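Engineer: The sequence and its predicted three-dimensional model are supplied below.
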Amino acid sequence: MGGVHPPENKFSAGVAIESLPVSKRVYIPISQHLGAPSTVLVKRGDEVKTGQLIAKSSGFISANIHSSVTGKVFKVDEVMDQSGYRRTSVIIDTSDDVWDDGIDVSSELVTDISLSKQEIIQRINDRGIVGLGGATFPTHVKMMVPDGKKAEYLIINGVECEPYLTSDHRLMMEKGEEMLIGTSILMKALGVENAMIGIENNKPDAIGHLTQLAQKFKGISVHALKVKYPQGGEKQLIKALTSREVPSGKLPIETGCVVDNVGTAFAVYEAVQKNKPLIERVVTVTGKAAKKPSNFLVRIGTPISDLIEKAGGLPENLGKVIGGGPMMGKALMSIEAPIVKGSSGILLVPDEEAHRTPPKSCIRCGKCITVCPMGLEPYLLAQEIKHEFYEKAEKDRIMDCIECGSCHYTCPSGRPLLDFIRLGKNKVGQIIRTRGKN
Amino acid sequence: MGTLLTISGSPHVHSSQSVRKIMYSVFYAMIPAMLVSFYFFGLDAVRVMAISVIACILVEYLIQRYVIKGDLTINDGSAIVTGVLLAFNVPTNLPTFIIIIGAVVAIGIAKMAFGGLGKNPFNPALVGRVFLLISFPVQMTSWPVIKPLFAALKTDAVSGATLLGFYKENFDKIATTQETVHDFISAGLPQYDELGTVVSHQVLNYQDLLLGQMGGSMGEVSAIALLLGAAFMFYKKVITWQIPVSYLASSLLFAFVFWLIDPELYLNPVYHLMAGGLMLGIFFMATDMVSSPMSAKGQIVYGIGCGVITMVIRFWGGYPEGVSFAILIMNAFAPLINTSFKPARFGVVKVTKA
């Protein structure tokens, strides 16, 4: 159903992951996951080691945050994040890397899974693992299947349908075995027999590589999927692999599926087998204005400007910097914003492609309906929101929108359909919440 | 710091589609039919086409500039498309002033009065055509005989009947006498001189129909040229299969059923398809994005409606041809169809009505 085919432009697909040197100063926000912000445990002047807990999970849906560097806390202050909001962050001046006790930093592969189901979930929670696909939902919460529901399949998302981004692709190529062990760990935690790894057909090398590696793993199969944005949307991926549809307004577990990103599976491997907290991730720096498209292993909290510097520096014709992919990423207000757990890529867009064309009248071509992966009518929702008909928009299921942007992408009149829908979701969400309170 | 960055909501990339590209694709798709009509009807066809297109552009320009006072829209190509379609829908011997009236009605009333491209509930070219048909019935139904370029055709005839028109006229005769529809077709269509006396007969075969070697509106003539254009529009994804297929299938099925019942009385479906404006209507006018429904399901309903109404008018209506009326009627239903036929929603199980 639906979908578009934006040019892939995966410039950095063949570029090996390179470790980015630790920055002089890092900015670690205490809210880089879905749910409640964590509680800060350190104060100005404190010495911290790499991997040390600096902010504690503050609720059921929240996550621990660890220091990604060794150094001295400069201060705890508000720092502008990738969305342009000021968020409380722990600012650390770095010194030579000293890892916290009990973390295995060797590259030796640990295959045997010794922890029990409960211990695994506890470890994932403790090590601050969240979904690395972008939504940053705390992974341990996903592992706790609600009463009355049963998980049948673990789905590992290696689709990476966003154009330009290659961080998941590179991870599958370079850390395939670790990722598969991570998958087995997640299977054990969930108590499922089968895991499916979905990868788009445009990454034949990753499909081949993982298919071969997966032969050694029980119950893990690799599936090649049609290239189509947003194939990697959670609901779309479940549909593609199991033909099941997540009911409107419900969670994936309704279909017996739990979906995790390949990056998450790798982070789970490191947390469970190596006791390593989530303090670094792979970030693609690319775009038509990027001088040297790259994939970096980056410490959380590193200013984006440091990544751009390493990827050849700021281009002269720079128009826009996007945190994430071109379809769903956010345009950054400042390149000093830090890398967080959910950062998959940084896109440098040349000025000539950074601006929208002025919108024209809707010519009622219906292309937005054809491409909507959720079967919505974006033109209609946009109209309703424009006229503030929030109740009608709710009836027309505006809350089902996954904000993939296919409607705006395809609109021949260049109408900012998703802008309206996003605004509408916000308003309708408020209305629904107030109703719930009464 | 210091670099000024552009901020906007996602998505940050856009497809290369634009209104202008769509309109020009439709225009290019009409070129084969245009050339065929120039070939068969000569300079008259060129005159009608030029006047229609120029008048449509001019009317839009003047209204946009002096009435609406907005940004100029004539470069989006939609006025050109309307101009070509209007020309396709009239006989090539139509006086210039009538064509201009058609353009004023099509662009001025059917399109700009509603707010311009995208706001018009009806297909502008068809509104123009139907207005002319009702206002100038004689001029609009006097079909010139074909005079292929470079062919020294010796005939005194200047106008001729169309297959559908002549069939309608003689329907009672065929129904009440021994004469069958076969006799009628093999006798040929009458052609008249300037005084209106029958001077010759044109016998049509399938090849004539396919190539467009027959009288009729400019764009109604060649099935092959129209199909070529349609193929181009499919390739360019300017049209989808829903409307053409449902329109084609429903109208042909309708004609086929009646032909099965009484092949001696009713025209066979092939004639229905290739004579008259069905092909032009199916591919170029019913598929007009602005005036047709939005969802795939709705488009199928709309196509079936067009097909059935076209045939009902052809069989029992007062006019020999029903394509224009059928499409305009279904245009009127498009908003209702839009509210009744929604796309299949993800994760929503169909609820049966209690």
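Structural biologist: Perfect, thanks for sending it.
Engineer: going forward, measure contacts between C-alpha atoms and count neighbours the same way
Structural biologist: OK.
Engineer: Report the contact partners of the nearest residue to residue A:357 once chain neighbours are set aside.
Structural biologist: Nearest residue to residue A:357 in three dimensions, chain neighbours excluded: residue A:414, at 6.5 Å (C-alpha to C-alpha, 6 or more residues apart in numbering or on different chains). Neighbour list for residue A:414: A:356-360, A:408, B:14, B:18 [criterion: C-alpha atoms under 8 Å, 6 or more residues apart in numbering or on different chains].
Engineer: give me phi/psi at the most centrally placed residue in chain A?
Structural biologist: Centroid-nearest residue in chain A, with C-alpha atoms, centre = their mean: residue A:134, separated by 1.6 Å. The phi/psi pair for residue A:134 (degrees, to the nearest 10) reads phi 140, psi -30.
Engineer: Out of the contacts of residue A:414, give me the two with the largest separation.
Structural biologist: Pairwise distances among the contacts of residue A:414 were taken by C-alpha to C-alpha; the largest, 14.2 Å, belongs to A:360 and B:14.
Engineer: can you give me the strands in the stretch 251-400 of chain A?
Structural biologist: Taking DSSP state E, counting those that start in this stretch, the strands of the stretch 251-400 of chain A run over residues A:257-261, A:280-286, A:294-299, A:318-323, A:330-331, A:345-350.
Engineer: Run a quick neighbour tally on residue B:273.
Structural biologist: 18 (other C-alpha atoms under 10 Å in any protein chain shown).
Engineer: what's the closest non-adjacent residue to it?
Structural biologist: Per C-alpha to C-alpha, 6+ apart, closest to residue B:273 is residue B:279, 6.6 Å.
Engineer: which of the contacts of residue A:414 count as buried?
Structural biologist: A:360, A:408, B:14, B:18 (16 or more other C-alpha atoms under 10 Å in any protein chain shown).
Engineer: shaky segments in the chain?
Structural biologist: Looking at chain A here, since you left the chain open. Within chain A, not a single segment meets pLDDT under 70.
Engineer: wrong one, I was asking about chain B
Structural biologist: B:1-3, B:148-157, B:349-354.
Engineer: returning to what we had before: looks to me like the residue nearest to residue A:357 is in a helix.
Structural biologist: No - counting by DSSP: H, G, I helix; E, B strand; the rest coil, residue A:414 is not part of a helix but coil.
Engineer: And it, its phi and psi?
Structural biologist: phi 60, psi 30.
Engineer: check contacts around residue A:210.
Structural biologist: Counted by C-alpha under 8 Å, 6+ apart, residue A:210 has contacts A:172-173, A:176, A:222.
Engineer: Likewise for residue A:28?
Structural biologist: With C-alpha under 8 Å, 6+ apart, residue A:28 has these contacts: A:67, A:89-91, A:300-301, A:338, A:340.
Engineer: before we move on, back to that, between the strands of the stretch 251-400 of chain A, which one is closest to residue A:45.
Structural biologist: strand A:294-299 (20.8 Å).
Engineer: Only the C-alpha atoms, please, for the closest one, written as PDB.
Structural biologist: Provided in PDB are the C-alpha atoms of strand A:294-299 (Å, rounded to 0.1, in the frame of the first residue of the first chain):
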ATOM      1  CA  SER A 294      31.300   9.200   5.800                       C
ATOM      2  CA  ASN A 295      30.100   6.800   8.500                       C
ATOM      3  CA  PHE A 296      31.400   7.600  11.900                       C
ATOM      4  CA  LEU A 297      31.300   5.800  15.200                       C
ATOM      5  CA  VAL A 298      30.500   8.700  17.400                       C
ATOM      6  CA  ARG A 299      30.300   9.300  21.200                       C
END
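Engineer: mind listing what's buried in that strand?
Structural biologist: A:294-299.
Engineer: how about the residues of the stretch 151-300 of chain B that lie near chain A?
Structural biologist: B:289-296 (C-alpha under 8 Å from any C-alpha of the partner chain).
Engineer: want to throw those residues into TSV with secondary structure and distance to residue B:308?
Structural biologist: Shown next, in TSV, are those (DSSP: H, G, I helix; E, B strand; the rest coil; distance: C-alpha to C-alpha, whole Å):
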residue	secondary structure	distance to residue B:308
B:289	coil	20
B:290	coil	21
B:291	coil	18
B:292	coil	16
B:293	coil	17
B:294	coil	20
B:295	coil	20
B:296	helix	19
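Engineer: Closest to residue B:268 out of those residues?
Structural biologist: After measuring those against residue B:268 - C-alpha to C-alpha - the closest member comes out as residue B:292, at 28.7 Å.
Engineer: In contact with the spatially closest residue to residue A:416 that is not a sequence neighbour: list those residues for me.
Structural biologist: Counting by C-alpha to C-alpha, 6+ apart, residue A:408 is the residue found nearest to residue A:416 once chain neighbours are left out, at 5.6 Å. Going by C-alpha under 8 Å, 6+ apart, residue A:408 touches A:368, A:414-418, B:11, B:14.
Engineer: hang on, residue A:408 in a helix?
Structural biologist: Yes - per three-state DSSP, residue A:408 lies within a helix segment.
Engineer: what about it, distance to residue B:79?
Structural biologist: Here residue A:408 is placed at a distance of 25 Å from residue B:79 (C-alpha to C-alpha, to the nearest Å).
Engineer: Identify the residue spatially nearest to the most centrally placed residue in chain B, adjacent ones excluded.
Structural biologist: Centroid-nearest residue in chain B, with C-alpha atoms, centre = their mean: residue B:281, separated by 3.5 Å. Distance criterion C-alpha to C-alpha, 6+ apart; nearest residue to residue B:281, sequence neighbours excluded, is residue B:323 at 6.2 Å.
Engineer: Does residue A:320 touch residue B:6 like I think?
Structural biologist: Yes - look at residue A:320 against residue B:6 with C-alpha atoms under 8 Å: they come within range, at 5.0 Å.
Engineer: overlap in contacts of these two?
Structural biologist: With C-alpha under 8 Å, 6+ apart as the test, residue A:320 and residue B:6 both reach A:331, A:354.
Engineer: More neighbours: which of these two?
Structural biologist: Using other C-alpha under 10 Å as the criterion, residue A:320 and residue B:6 rank with residue A:320 on top: 26 against 17.
Engineer: tell me which residues form a beta bridge with the more buried one?
Structural biologist: In this entry, residue A:320 is beta-bridged to residue A:349, by DSSP bridges.
Engineer: quick revisit: would you quantify the distance from the residue nearest to the centre of chain B to chain A?
Structural biologist: 18 Å (C-alpha to the nearest C-alpha, to the nearest Å).
Engineer: Residue A:198 - that's part of a strand, no?
Structural biologist: Yes - counting by three-state DSSP, residue A:198 falls inside a strand.
Engineer: Thought residue A:224 was touching it, still the case?
Structural biologist: Yes - the pair residue A:198 / residue A:224 is scored as a contact, 6.2 Å apart, by C-alpha under 8 Å.
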